[in-house]
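Asks: Starting from these lines, generate the structure:
(one chain, ligands or ions: 1)
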Amino acid sequence: MDTGFTAAQLRAAAADAVRAPSLHNTQPWRFRLRDGGIELSIDPARRLPATDPSGWGARIACGAALFNLRLALAVAGTTGTVRLRPYPAEPDVVARLVPDVPRRPTPTEQSLYAAIPRRFSNRAPFWPDPVPADARWRLGEAARAEQCWLELLIGASAVNAFAEIARSAHRVLERDPGYRDERDEWIRREPAPDGVPATAGGPQSEPQDLLPARAFGGRNRAPGRDFEPEPLVAVLGSAGNTATDQLVAGQALQRVLLTATDAGLSVSMLSQPIEVPGAREQLRLSLGRFGTPQMVMRIGYGQPGVATPRRTVDEVLDLPVVPA
Ligand SMILES: Cc1cc2nc3c(=O)[nH]c(=O)nc-3n(C[C@H](O)[C@H](O)[C@H](O)COP(=O)(O)O)c2cc1C
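Replies: The predicted structure follows:
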């Protein structure tokens, strides 16, 4: 009887996992086989000490990669059972997957899997067309299916109140030279396998912008190409804020992002109000919800764009060395 995953299954699934989003496209993950299980770990060499001192961002990114891994295995007919943080003594090992009873993939798994290569962060202005009710409902369901919640900010006053919290968090972060240096280090002006290509960084900010955008060295704005006046802003939250909750939230984030892609929607993320503890608490109170906000998204209809680069699978796999 087959008792574990093979190196070929790991390699194929990891190729999809690395398409997940990550803070500054640091891709803070490693994959390996141990005793027949696939293990996903945080890569300590890819932490962002100034931007992400608690490791929240690395855990959200690894959770998102884990969701892709789950989808890839399911679509290949080799579903895995997941244990989060399986070894208390090894907190960087964020998940272990062992083979489950084989079954056919569901239609939802198939359509979300097909969306993996089409998903990317779109930081450009969106069209003013509203996101229809059925798509909004699907996004909420995607979060709930992964034990999280999604709060859509409805109406100008809710969006304005959020924007004020986000802009003040952005100012707090921008005052920190360590944060600014780290961000600049991850901007790529030449082709590179990681970091944020300046071409994907979105347009330069303008004083009239409602929401703050991280300065990824983007191009000047074409005249008249302002951001949509009333963006659809969605806050993703989890029940608590332990390391495990953040891994759960990362999986929910990826499910929401892939559901949006499948519905023809574009998304950009803005996490400044999550990264500044006071702003995160203000956001939580303004929503009147239990639990913890883990990510904010701007959702709408955008122009087609391109996926950002990733390191190759060989660079993120730890395989046993086979003796010559
Ligand atoms: C935890 C986390 C926080 C992020 N915060 C922001 C943000 O504040 N602003 C932004 O433009 N993108 C943000 N992103 C998006 C990443 O920059 C993006 O995923 C990465 O550059 C890879 O590009 P892709 O999403 O197009 O694949 C965030 C992503 C993650 C996972």
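
Asks: ok, now which ones touch the spatially closest residue to residue 192 that is not a sequence neighbour?
Replies: Closest residue to residue 192 apart from its sequence neighbours, by CB to CB, 6 or more residues apart in numbering: residue 309 at 6.6 Å. No exception for glycine: its C-beta is placed from N, CA and C like everyone else's. When contacts are counted by CB atoms under 8 Å, 6 or more residues apart in numbering, residue 309 touches 25, 191, 192, 193, 194, 197.

Asks: For the ligand, see how far away the fifth one is.
Replies: According to CB to the nearest ligand atom, to the nearest Å, residue 194 stands 9 Å off from the ligand.

Asks: for that residue, what are its contacts?
Replies: 25, 26, 27, 186, 188, 309, 310, 311.

Asks: Could I have the PyMOL command that selects the buried members from the residues you listed?
Replies: Buried members of the contacts of residue 194, defined by 16 or more other CB atoms under 10 Å, are picked up in PyMOL with:
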select buried, resi 25+26+27+186+188+310
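
Asks: The ligand next: which of the contacts of residue 194 are close?
Replies: residue 25 (CB under 6 Å from any ligand atom).

Asks: Nearest to the ligand among the contacts of residue 194?
Replies: Of all the contacts of residue 194, the ligand sits closest to residue 25, with 3.5 Å by CB to the nearest ligand atom.

Asks: That closest one against residue 187, yeah?
Replies: No. Applying CB atoms under 8 Å as the test, residue 25 and residue 187 come out as separate, 10.0 Å apart.

Asks: Spit out the residues that contact the two alike.
Replies: Listed contacts common to residue 25 and residue 187 are 195, 196; contacts here mean CB under 8 Å, 6+ apart.

Asks: returning to what we had before: want to throw the contacts of residue 309 into JSON lines with secondary structure and pLDDT?
Replies: Below are those laid out as JSON lines (DSSP: H, G, I helix; E, B strand; the rest coil; pLDDT from 0 to 100):
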{"residue": "25", "secondary structure": "helix", "pLDDT": "98"}
{"residue": "191", "secondary structure": "coil", "pLDDT": "96"}
{"residue": "192", "secondary structure": "coil", "pLDDT": "98"}
{"residue": "193", "secondary structure": "coil", "pLDDT": "98"}
{"residue": "194", "secondary structure": "coil", "pLDDT": "98"}
{"residue": "197", "secondary structure": "strand", "pLDDT": "95"}
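
Asks: quick one: the helices in the stretch 101-250 of the chain?
Replies: Ranges of helices in the stretch 101-250 of the chain, per DSSP state H, counting those that start in this stretch, are 107-115, 133-145, 156-174, 177-185, 243-262.

Asks: Which of the contacts of residue 194 sits closest to residue 176?
Replies: residue 186 (15.2 Å; CB to CB).

Asks: for stretch 234-247, how far is the first residue from the last?
Replies: Terminal residues of stretch 234-247 lie 19 Å apart, using CA to CA, to the nearest Å.

Asks: Tell me the buried residues in it?
Replies: Within stretch 234-247, the residues that count as buried by 16+ other CB under 10 Å are 234, 235, 236, 237, 238, 241, 243, 245, 246, 247.

Asks: what's near enough to touch the fourth one?
Replies: In this case it means residue 237. Listed by CB under 8 Å, 6+ apart, the contact partners of residue 237 are 148, 149, 150, 151, 249, 284, 287, 289, 291, 292, 293, 294.

Asks: Could you tell me which residues of this structure lie near the ligand?
Replies: Residues of the chain lying near the ligand (CB under 6 Å from any ligand atom): 21-25, 57, 60-61, 120-121, 123, 196, 214, 268-272, 308.

Asks: gap between the two ends of stretch 116-132?
Replies: First-to-last residue span, stretch 116-132, CA to CA: 22 Å.

Asks: Residue 32 bridge partners, please.
Replies: residue 39, residue 318 (DSSP bridges).

Asks: ok, back up a step: just the buried residues of the contacts of residue 237.
Replies: The buried subset of the contacts of residue 237 - by 16+ other CB under 10 Å - is 148, 149, 150, 151, 249, 284, 287, 291, 292, 293, 294.

Asks: closest to residue 133 among the residues you listed?
Replies: residue 150 (14.1 Å).

Asks: Quick check: beta-bridge partners of the closest one?
Replies: residue 236.

Asks: isn't it right next to residue 236, touching?
Replies: Yes. Applying CB under 8 Å, one finds residue 150 in contact with residue 236, separated by 5.4 Å.
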